[in-house]
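Asks: what follows is a predicted structure for the sequence shown.
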Amino acid sequence: MKNAGSSSRAAAAELGPAAQPGASSAGDGRTRHAVARLLLERGPVTAAAVADELGLSPAAVRRHLDALVSEGEVCTRESSPRGRRGRGRPAKLFLLTEVGRARFGHAYDDLAAAALRFIAEHEGEHAVREFAERRMATLVAGLREAAAGRGGNPTERAEALADALTREGYAATTRSVGSGEQLCQHHCPVAHVAADFPELCEAETAAFAEVLGTHVQRLATIANGDAVCTTHVPRWRTAVPDGDDARDNQTPAGSLPKDRQETAGDS
């Protein structure tokens, strides 16, 4: 772990006075980042080892570790019997969760985009569209079951869909507007890839229409630079389009009706 130790010490050196008591919130942020980076490079590890590596007091390290645990970025486990010395209590080890690892970024988006470009170049755009539809098909099964439990009212089904999407990591909510509900997704796990491959958004819109049993209109997408992915769900059921008609339900940014632009922007 030579490289890990040297980079951790470099991170500690950059902390300077920020690591001392009374540090500013910005200093706390830098220290907490250094603690998280050490867990990334060395974890699972004890609080004492973190304190020793970064040159911090045990109390300061425990404070940052407790904060990271409460934020869901770090979890704990007990050391295995094989690694313990003596008959004392097992040591508590700290390690990053997937949420904690995400703060350091990854290359998954680049890999996914490269794979879709390869598919498009070798198999054509129809293959990308088929992939997008297949991807949504696996998600639709669970979403349909969740929405069906709320009966036939599109508004209630939209609320159930939002709950199901939130469980899948989309941070979805609904809000009432004059002619129906707006389904708002405040996070999109594939936004960076969808920016290059709108077929992903098109397949998602078609899936929502299928799950809700009514025509829906996509008003805005994070992939297109908007703050929220917003889909309009009419209060009353309308025919669900298919094929090219379903793709026409993607409203380009900047072409929304004035009242809908304002509503989508406020989501």
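Replies: Arrived safely, thanks for sending.
Asks: mind listing the helices for this protein?
Replies: Remark: helices assigned in the chain by DSSP state H are 2-15, 25-42, 47-54, 58-70, 98-102, 108-123, 125-148, 154-167, 191-194, 199-212, 244-247, 258-265.
Asks: and the residue nearest the centre of the chain, what does it touch?
Replies: Geometric centre of the chain, nearest residue: Pro189, 4.8 Å, by C-alpha atoms, centre = their mean. Pro189 is in contact with Gly169, Tyr170, counting by C-beta atoms under 8 Å, 6 or more residues apart in numbering. To be clear about C-beta, it is placed using only N, CA and C from the backbone, and glycine gets the same treatment.
Asks: per-residue pLDDT, it?
Replies: If you check Pro189, the pLDDT there is 84.
Asks: same deal with Ile119?
Replies: At Ile119, pLDDT is 96.
Asks: grab the nearest non-local neighbour of it.
Replies: Nearest residue to Ile119, sequence neighbours excluded (C-beta to C-beta, 6 or more residues apart in numbering): Ala127, at 5.0 Å.
Asks: give me the number of residues near the one you found?
Replies: The tally of other residues near Ala127 (other C-beta atoms under 10 Å) stands at 15.
Asks: do you know how far it is from Glu121?
Replies: 10 Å (C-beta to C-beta, to the nearest Å).
Asks: kindly report the same for Leu200.
Replies: If you go by C-beta to C-beta, the gap between Leu200 and Glu121 works out to 17 Å.
Asks: neighbour count: those two, which is higher?
Replies: Between Leu200 and Glu121, counted using other C-beta under 10 Å, the more crowded position is Leu200 (26 against 9).
Asks: just to revisit the earlier point, deepest-packed of the helices of the chain, please.
Replies: helix 199-212 (a mean of 24; mean count of other C-beta atoms under 10 Å).
Asks: mind giving me the packing neighbours of that one?
Replies: helix 125-148, helix 154-167, helix 191-194, strand 229-234, helix 244-247 (3 or more C-beta pairs under 8 Å, 6 or more residues apart in numbering; DSSP states H and E).
Asks: in TSV: those, plus distance to Glu78.
Replies: Below are the helices and strands packed on helix 199-212 laid out as TSV (distance: least, C-beta to C-beta, whole Å):
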stretch	distance to Glu78
helix 125-148	35
helix 154-167	30
helix 191-194	38
strand 229-234	42
helix 244-247	52
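Asks: relative to Val69, which of the ones you listed is closest?
Replies: helix 154-167 (22.2 Å; C-beta to C-beta).
Asks: where does the residue nearest to Ile119 land on pLDDT?
Replies: 96.
Asks: then Arg87?
Replies: 63.
Asks: how near is the residue lying closest to Ala146 once chain neighbours are set aside to Arg117?
Replies: Closest residue to Ala146 apart from its sequence neighbours, by C-beta to C-beta, 6+ apart: Ala164 at 3.9 Å. From Ala164 across to Arg117, the span is 31 Å (C-beta to C-beta).
Asks: do Val193 as well
Replies: Here the criterion is C-beta to C-beta. By it, Val193 lies 10 Å from Arg117.
Asks: what of Thr221?
Replies: Relative to Arg117, and taking C-beta to C-beta, Thr221 is found at 20 Å.
Asks: noted, bye for now.
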